[in-house]
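Student: sequence first, predicted model second:
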Amino acid sequence: MIRGLAAAAALILAVPLQAAPREDKALTELQARDHRLFAIGWRLATANAPYCERAAPALGLSVLDAGGFADPAAVRLHLGLSGDLAVGAVAPGSPAETAGLAANDTLLAIGGVDLASRFPRAKPAWQRLIDVTAAFDAASAQGPVELTAARGGTRRTVRVTGTAACPTRFEVLDSGGKAMAEGTRVIFGKRFPGFAYPEPEFAAAVAHELAHNLLRHRARLDEAGRSLGNVRLTEREADRLMPWLLANAGFEPAGATRFMERWGPRHDGGLFRNRNHEGWDERADAIRAEVAKVQALMASEGKADWARHFVRETLD
């Protein structure tokens, strides 16, 4: 979804892909992973909007800037774009999809204002994507957004009304294999092993990172101090919130336990196997206990209202 970003933060285009013809396959694979992450992230963020702070209207599309790649012309050619700015991904069932927008539609204007003129290429290259994203955010907060797009030489204008979502942007980087949360962003390296996992388990990995943002862990650690104990407590808390987020989004909450049981034994020294985290078996036990609570709530109330029922960890 479209959310504001910190100017100093690295974006998906911060490590540009050299999109020469021989790299078309790499670009296609990168985009496929971006679409998968975006779809699951949207599902989690919208389903949990009633319980998160500062939920805001979102359109269900991400923006791609070919001008931020090493070879913009090659990217435009490969994706069939008539300009630099385009729809990167569209979430299934989102307002953007309902309006008929699709990935690789060239974005021409917002509210009748030409995007190429309003947002020329910038230095650093990722600055334009930040600015366009902020403009989309501001417009969607005010009501229906008028977007003009082109596909296959056909230009049309649609009105898109946002739906409430927890404020996080989901991105795939063209490097690395880790996952992280940065307050307003969930970021996965393209080699993250969970991309090969079944959907409920991959969704659990996304939910873990989203949980860090929803529980404001970066801010809490800034306030309480980043001691080893505090970092471990925030990781435990994000683990425990996974099944709540999954259940509200229609995923099986036990997928969180299965994710940890699959991931843990296979990955030493990575996200879930370092001094800032408990052992994977301890974490799986904590998740399993939380799954039982979530299942009981879903049976009695039909929802997992973590804003009311989730028990927070106390930092030192």
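Tutor: That came in fine, so what should we check first?

Student: all the helices of the chain, residue numbers only.
Tutor: 24-47, 72-79, 95-98, 115-118, 127-142, 199-214, 217-224, 228-248, 255-263, 280-301, 306-309 (DSSP state H).

Student: any weak-confidence spans in the chain?
Tutor: 1-23, 267-278 (pLDDT under 70).

Student: nearest to G60 among the helices of the chain would be which one?
Tutor: helix 95-98 (4.3 Å; C-beta to C-beta). In this view, the C-beta of every residue, glycine as well, is placed from N, C-alpha and C.

Student: in the closest one, what counts as buried?
Tutor: Residues of helix 95-98 classed as buried: 95-97 (neighbour count, 16 or more other C-beta atoms under 10 Å).

Student: that older thread, tell me which of the helices of the chain is the most buried.
Tutor: helix 199-214 (a mean of 25; mean count of other C-beta atoms under 10 Å).

Student: and that one with helix 228-248, angle?
Tutor: 130 degrees (axes from the mean of the first three to the mean of the last three C-alpha atoms, to 10 degrees).

Student: for helix 199-214, name the packing helices and strands.
Tutor: helix 24-47, strand 179-181, strand 185-189, helix 228-248, helix 255-263 (3 or more C-beta pairs under 8 Å, 6 or more residues apart in numbering; DSSP states H and E).

Student: R266: what's it in contact with?
Tutor: P193 (C-beta atoms under 8 Å, 6 or more residues apart in numbering).

Student: how near is it to A254?
Tutor: 19 Å (C-beta to C-beta, to the nearest Å).

Student: equivalent analysis for G60, please.
Tutor: 27 Å.

Student: more neighbours: those two, which one.
Tutor: Taking other C-beta atoms under 10 Å, G60 and A254 do not tie; G60 has more neighbours (27 against 19).

Student: surely the more buried one touches A89?
Tutor: No - if you go by C-beta atoms under 8 Å, G60 and A89 don't touch, sitting 9.0 Å apart.

Student: which strand residues bridge the residue nearest to the spatial centre of the chain?
Tutor: Centroid-nearest residue in the chain: F170, 1.8 Å away (criterion: C-alpha atoms, centre = their mean). Under the criterion DSSP bridges, F170 forms beta bridges with V186.

Student: surely it and A39 touch.
Tutor: No - using C-beta under 8 Å, F170 makes no contact with A39, being 9.0 Å away.

Student: number of residues surrounding G83?
Tutor: 17.

Student: oh, I was asking about A125
Tutor: Neighbours of A125 using other C-beta under 10 Å come to 18.

Student: ok, it touching P72?
Tutor: No - applying C-beta under 8 Å, one finds A125 not in contact with P72, separated by 9.3 Å.
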